[in-house]
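Student: for reference, the sequence and a predicted model appear below.
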Amino acid sequence: MSYLIKNLKAVFGQNSDITDIRLQGNRIVELGSKLTAQVDETIIDGQRCVAYPGFVNTHHHLAQSVLKGIPAGLNQPLNEWLASVPYQHWPHMDPELIYIAAKLGLYEGLRSGVTTCADHHYLYHQHSSPELEDASWQAADELGMRFVLCRGGANVVGSHKGLANAGIAPETLDQTLFRLQTSVSRYHQSSNDAMRKLVVAPTSLIHSTTPDQLIELARYARSEKLRLHSHLLEVDFDQQQSHARYHCPAIDFAEQVNWLGNDVWFAHLVKADRYTIERLAATGTAISHCPTSNCRLGSGIAPIIEMENAGMTISLGVDGSASSESASMLQELNLAWLLHRATQGANATSIEKVIQWATQGGARVLGYDQLGTIAVGQLADVVLFDISATRYTGVHSTIAAPVLLGEPAQVRYSFINGKLVVNDGNVQGIDETALIKDANLALTKLMKTVQGYATH
């Protein structure tokens, strides 16, 4: 399918003369102005819109899309929140609910400009079924999302309160490796335009897997040319446990178990000190910055400016909807832009910089070298934000308007791999009324199961 996007107000990364974008197959093939439509080419009227490269969300927990605002966890820090919210519910989530939650989360992503989503999926235990994972792949396929499944899980109960108190039997390492290999053979694509990628991603580097197991998981990942991901230093507890159990800082432990490198990225890193940042930068290890969730759980503010100055690759993630309820990537850009200016001055961040974090940075983190910019030859992941609503009136910085004003935003059109996935404001493949109904029914069933489990 070929598309000609015409009359755009502005295109990110291009000068003001560029108003038209031509897409053929899954590539951007021409940029210009007053381009003429070719035979069998669909014209998209972009006169009310600005064009961005699609956002690359490098850290999500899609299963949490039905766990927003759980009362018990509203005012709890991370460790207590883990026990009250995700670990209280996920052992009772079935494939149907995972499918619905994934569709809901991906829908929210599309509504906020996301075209690539990395889901840190950790709902694995000794008796989990492959259908739990299959449901996420299916949801992404149906919505046309470029999807990276970060295969989580735990091999020991570990030191987080949540897993220890939930009565969950962790996988053995052999189970993890066998299931990983099955997923590689069924889903993973290694091409530059891959719509599906698999990542080796134990849930927590410090708490959920032993050193020997981490070494073996890293060996397996690199033997299969898979990338590596986990949580690290979200709160001080990670550093404390690393010293107590391994007698070294968490970053040194990561290095000892071969979990640093340009194929590794960590979510959060809120408590990274100068030494940690230096080791991360020197090894090419990257970050998924999740400012909304870090604020929501009171974890702090990751030292992103220091990381960028040290040469680290910065990307953005929405984290799970249980601790970042809107799951809006645009909100993450807006908050990242504001938060570091509030603490380090007005020149600490710029609109251009945070857009680059959310596009080029994310693409680099996930191993896509033909993604993240609007340029000839790049993959056709392009989002058109409509800035004609009354609330945009008076904005002089046209290309910056979506990030400056934040939510609510209107994605008028979105293309992923050259396919139109949001058409005139409507997410394709989604019946919103049916999705709401299905989610509410499945959630009612979940809550009854959780309550029944708690009374026995």
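Tutor: Yep, that arrived. Residues are numbered from 1 along each chain as shown.
Student: buried set for stretch 131-140?
Tutor: By neighbour count on 16 or more other C-beta atoms under 10 Å, the buried set for stretch 131-140 is L132, E133, D134, A135, S136, W137, Q138, A139, A140. C-beta here means a position set from N, CA and C on the backbone, and glycine is covered the same way.
Student: which parts of the stretch 351-456 of the chain are strands?
Tutor: With DSSP state E, counting those that start in this stretch, the ranges of strands along the stretch 351-456 of the chain come out as 382-386, 411-416, 419-423, 426-427.
Student: TSV for those strands, including mean pLDDT, distance to V39 and mean neighbour count?
Tutor: Below are the strands of the stretch 351-456 of the chain laid out as TSV (pLDDT from 0 to 100; distance: least, C-beta to C-beta, whole Å; neighbours: other C-beta atoms under 10 Å):
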stretch	mean pLDDT	distance to V39	mean neighbour count
strand 382-386	98	22	25
strand 411-416	98	20	24
strand 419-423	98	19	19
strand 426-427	97	27	17
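Student: what's the closest of these to L67?
Tutor: strand 426-427 (21.6 Å; C-beta to C-beta).
Student: just to revisit the earlier point, and the strands of the stretch 351-456 of the chain as a markdown table, adding distance to Q240?
Tutor: Below are the strands of the stretch 351-456 of the chain laid out as a markdown table (distance: least, C-beta to C-beta, whole Å):
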| stretch | distance to Q240 |
| --- | --- |
| strand 382-386 | 41 |
| strand 411-416 | 42 |
| strand 419-423 | 44 |
| strand 426-427 | 43 |
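Student: which of these sits closest to H120?
Tutor: Checking the strands of the stretch 351-456 of the chain against H120 by C-beta to C-beta gives strand 411-416 as the closest, at 20.5 Å.
Student: quick one: strands adjacent to the closest one?
Tutor: Strand 411-416 has the following strand partners under DSSP bridges: strand 382-386 (antiparallel), strand 419-423 (antiparallel).
Student: which of the strands of the stretch 351-456 of the chain sits closest to D174?
Tutor: Among the strands of the stretch 351-456 of the chain, strand 411-416 sits nearest to D174 (C-beta to C-beta), with 36.3 Å.
Student: domains in the chain, as residue ranges please.
Tutor: For the chain, automatic domain parsing gives the domain ranges 2-53+373-424, 55-366.
Student: so what's the gap between the longest one and the chain middle?
Tutor: Average the C-alpha atoms of domain 55-366, do the same for its chain, and the two points are 8 Å apart (C-alpha atoms, centre = their mean, to the nearest Å).
Student: what residues does M329 make contact with?
Tutor: Residues counted as contacts of M329 (C-beta atoms under 8 Å, 6 or more residues apart in numbering) are F55, N57, G109, S112, G113, V114, L316, V318, A358.
Student: the stretch 101-250 of the chain: helices as residue ranges?
Tutor: Using DSSP state H, counting those that start in this stretch, the helices found in the stretch 101-250 of the chain span residues 131-143, 161-165, 173-187, 211-223, 236-246, 250-256.
Student: now these in CSV, with mean pLDDT and distance to H61?
Tutor: Shown next, in CSV, are the helices of the stretch 101-250 of the chain (pLDDT from 0 to 100; distance: least, C-beta to C-beta, whole Å):
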stretch, mean pLDDT, distance to H61
helix 131-143, 97, 11
helix 161-165, 55, 13
helix 173-187, 97, 18
helix 211-223, 98, 19
helix 236-246, 95, 18
helix 250-256, 98, 21
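Student: low pLDDT regions in the stretch 351-456 of the chain?
Tutor: Confidence mapping of the stretch 351-456 of the chain against pLDDT under 70 gives the ranges 452-456.
Student: could you redo the last one with a cut-off of 90?
Tutor: 442-443, 445, 447-456 (pLDDT under 90).
Student: so for R27, what's the nearest residue that isn't a sequence neighbour?
Tutor: Distances taken as C-beta to C-beta, 6 or more residues apart in numbering put A380 closest to R27, at 5.6 Å, once the chain neighbours are dropped.
Student: residues contacting the one you found?
Tutor: Under the criterion of C-beta under 8 Å, 6+ apart, the neighbours of A380 are L23, G25, N26, R27, I28, F415, I416, N417, G418.
Student: the same query, at a cut-off of 10 Å, please.
Tutor: When contacts are counted by C-beta atoms under 10 Å, 6 or more residues apart in numbering, A380 is found next to 1, 3, 21-29, 54, 115, 193, 371, 374, 415-419.
Student: what subset of the residues you listed is buried?
Tutor: Judged by 16+ other C-beta under 10 Å, buried ones among the contacts of A380: 3, 21-24, 26-28, 54, 115, 193, 371, 374, 415-419.
Student: can I get the strands paired with strand 411-416 in TSV with distance to W265?
Tutor: Shown next, in TSV, are the strands paired with strand 411-416 (distance: least, C-beta to C-beta, whole Å):
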stretch	distance to W265
strand 382-386	23
strand 419-423	25
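Student: what's the closest of those to Y187?
Tutor: In terms of C-beta to C-beta, the element of the strands paired with strand 411-416 nearest to Y187 is strand 419-423, at 18.7 Å.
Student: okay, the angle between the closest one and helix 131-143?
Tutor: 80 degrees (axes from the mean of the first three to the mean of the last three C-alpha atoms, to 10 degrees).
Student: circling back: for D431, find the nearest of the domains of the chain.
Tutor: Relative to D431, the nearest member of these by C-beta to C-beta is domain 55-366, separated by 10.2 Å.
Student: end to end on the closest one, go ahead and measure it.
Tutor: Taking C-alpha to C-alpha, to the nearest Å, domain 55-366 runs 12 Å from one end to the other.
Student: ranges for the helices of the stretch 301-450 of the chain?
Tutor: With DSSP H, counting those that start in this stretch as the criterion, the stretch 301-450 of the chain has helices at 304-310, 329-344, 351-356, 362-366, 401-405, 432-454.
Student: what's around N192, how many residues?
Tutor: As a burial measure, N192 scores 11 neighbours (other C-beta atoms under 10 Å).
Student: check contacts around it.
Tutor: Neighbour list for N192: G367, Y368, D369, Q370, L371, L379 [criterion: C-beta under 10 Å, 6+ apart].
Student: what about burial for these, which qualify?
Tutor: Among the contacts of N192, those scoring as buried are G367, Y368, Q370, L371, L379 (criterion: 16+ other C-beta under 10 Å).
Student: burial of the nearest residue to the fourth one once chain neighbours are set aside, as a residue count?
Tutor: Distance criterion C-beta to C-beta, 6+ apart; nearest residue to L371, sequence neighbours excluded, is A363 at 4.0 Å. By other C-beta under 10 Å, the residues close to A363 number 25.
Student: strands along the stretch 51-200 of the chain, start to end?
Tutor: For the stretch 51-200 of the chain, applying DSSP E, counting those that start in this stretch gives strands covering 55-61, 114-121, 146-151, 196-200.
Student: among those, which is the most enclosed?
Tutor: With neighbours taken as mean count of other C-beta atoms under 10 Å, those reach their highest mean count in strand 55-61, at a mean of 31.
Student: closest one to Y246 among the strands of the stretch 351-456 of the chain?
Tutor: Taking the strands of the stretch 351-456 of the chain one by one with C-beta to C-beta, strand 411-416 is closest: 41.7 Å.
Student: could you give the angle of the closest one to helix 329-344?
Tutor: Put simply, strand 411-416 runs at 100 degrees to helix 329-344, going by the same axes, to 10 degrees.
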